[in-house]
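Visitor: Quick one: sequence and predicted model below, then my questions.
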Amino acid sequence: MNKPFSYEIKHICKQSGARLGVLHTPHGDIPTPIYMPVGTAACVKAMTPREMDEIGTKIMLSNTYHLHLRPGEKLVQEAGGLHKFMSWDKPILTDSGGFQVFSLAGIRTIKEEGVTFQSHLDGSRHFIGPEESMDIQQALGADIAMAFDVCSPYPCDYETAKINMDRTHRWAERCKKHHTRQDQALFGIVQGAFYEDLRIQSAKTLADMDFIGYGIGGLSVGEPKPIMYDMLEKIQPYMPENKPRYLMGVGSADCLVEGVLRGVDMFDCVLATRVARNGTAMTSRGRVVIKNAQYAHDFGPLDPECDCYTCRNFSRAYIRHLLRAGEITGGRLVSIHNLRFLLHLMEQIREAIAGDYFLDFRKDFYEKYDMSRNF
């Protein structure tokens, strides 16, 4: 009988060492490197599942913390699980809720048993520990679940980083012991803040636990990007080569390119849809703020190099008009574009890896991309 999950490395770019692979899951194969759009509450904001499929989405995320609070994992389970509940037949990943709890500083308490916190919705008190996180994610029924971890802030002193890392390792063991769904993969999460020895220790410890895949957490939490890239380089030799590597919460175009160069296979971030709702487009030239007056008479597409529905049919001037008029279609059109822009970028990256010219692709990317208009 075939295993429900396996990771297959298809090619290593001769020019750069970047990886091309496929993660096999019960709901379909995921080509890597891949960008994963985020549907926090079982819905990518302003998008329908049909539209997500049309723009080339291979896997989506949903959020354990938010779904636990509303509508509750029992209701989702009653509906037949997340796939049926949100009408999405491709793979889904749920995060553990650890980062959301981390972001609730001031209204949560972390102890060895788990985390007690107040709901951001109504102030009610809740508890999530490793076992509870596993129970919630197993009830939700996503293809990939994440171990419950402790994320360190930036900046962070060494002692705090080590305490959080050690607790993350103990919690990872508890998650692995409690997790029983055979049709759901469980990923561990590397922590260690911004200390090389801790990051390497975390990568080694989690590798010994033999998870199906590995998240890299605690990055993109306010640190300068060169520090994040340095941490990725330091831990790359210690990450299992035959397992997918997932850089959590990263989604600007330059970070995707740099992450792939440093051995990352999977990315996610809410940035694309968050900035879209404010009228900001991601383009091959950098950030474009469509509401700006300079685009009032611009009848060209958001990005001449984009093949999305928005760019094929609508001008910057029209989208600016919708946004300024408060029409929700404006935010929807920019959301379609931003998501497709990142998905198409990853398609181009996979082609470059397969063709052994990823470094040339990276050079061409930066020749066009205006870093002064970056995110």
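Guide: That came in fine, so what should we check first? Numbering: from 1, shown residues only.
Visitor: From the centroid of the chain, which residue is nearest?
Guide: The geometric centre of the chain, computed from its C-alpha atoms, lies nearest to Asp268 (CA atoms, centre = their mean), at 1.5 Å.
Visitor: is it true that that residue lies in a strand?
Guide: Yes. With DSSP: H, G, I helix; E, B strand; the rest coil as the criterion, Asp268 is part of a strand.
Visitor: In the stretch 151-300 of the chain, mark out all the helices, start to finish.
Guide: Along the stretch 151-300 of the chain, the stretches classed as helices by DSSP state H, counting those that start in this stretch are 158-178, 196-209, 225-235, 253-261, 271-277.
Visitor: Who are the contact partners of Asn164?
Guide: Val150, Cys151, Ser152, Cys156, Gln191, Ala193 (CB atoms under 8 Å, 6 or more residues apart in numbering). Placement of C-beta: from N, CA and C, glycine included.
Visitor: Likewise for Pro26?
Guide: Pro4, Phe5, Asp143, Asp183.
Visitor: now with 10 Å?
Guide: Pro4, Phe5, His83, Pro91, Asp143, Gln182, Asp183, Gln184, Ala185 (CB atoms under 10 Å, 6 or more residues apart in numbering).
Visitor: Also Met248?
Guide: 61, 95, 98-99, 146, 149, 151, 187, 189-190, 215-220, 266-269.
Visitor: re the thing from before, with distance to Ser372, pLDDT and neighbour count as new columns, can the contacts of Pro26 be given to me in JSON lines?
Guide: Output for the contacts of Pro26, formatted as JSON lines (distance: CB to CB, whole Å; pLDDT from 0 to 100; neighbours: other CB atoms under 10 Å):
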{"residue": "Pro4", "distance to Ser372": "46", "pLDDT": "92", "neighbour count": "16"}
{"residue": "Phe5", "distance to Ser372": "42", "pLDDT": "96", "neighbour count": "19"}
{"residue": "His83", "distance to Ser372": "42", "pLDDT": "98", "neighbour count": "20"}
{"residue": "Pro91", "distance to Ser372": "36", "pLDDT": "98", "neighbour count": "25"}
{"residue": "Asp143", "distance to Ser372": "39", "pLDDT": "98", "neighbour count": "24"}
{"residue": "Gln182", "distance to Ser372": "50", "pLDDT": "96", "neighbour count": "10"}
{"residue": "Asp183", "distance to Ser372": "47", "pLDDT": "97", "neighbour count": "12"}
{"residue": "Gln184", "distance to Ser372": "43", "pLDDT": "98", "neighbour count": "23"}
{"residue": "Ala185", "distance to Ser372": "40", "pLDDT": "98", "neighbour count": "26"}
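Visitor: Thanks a lot, catch you later.
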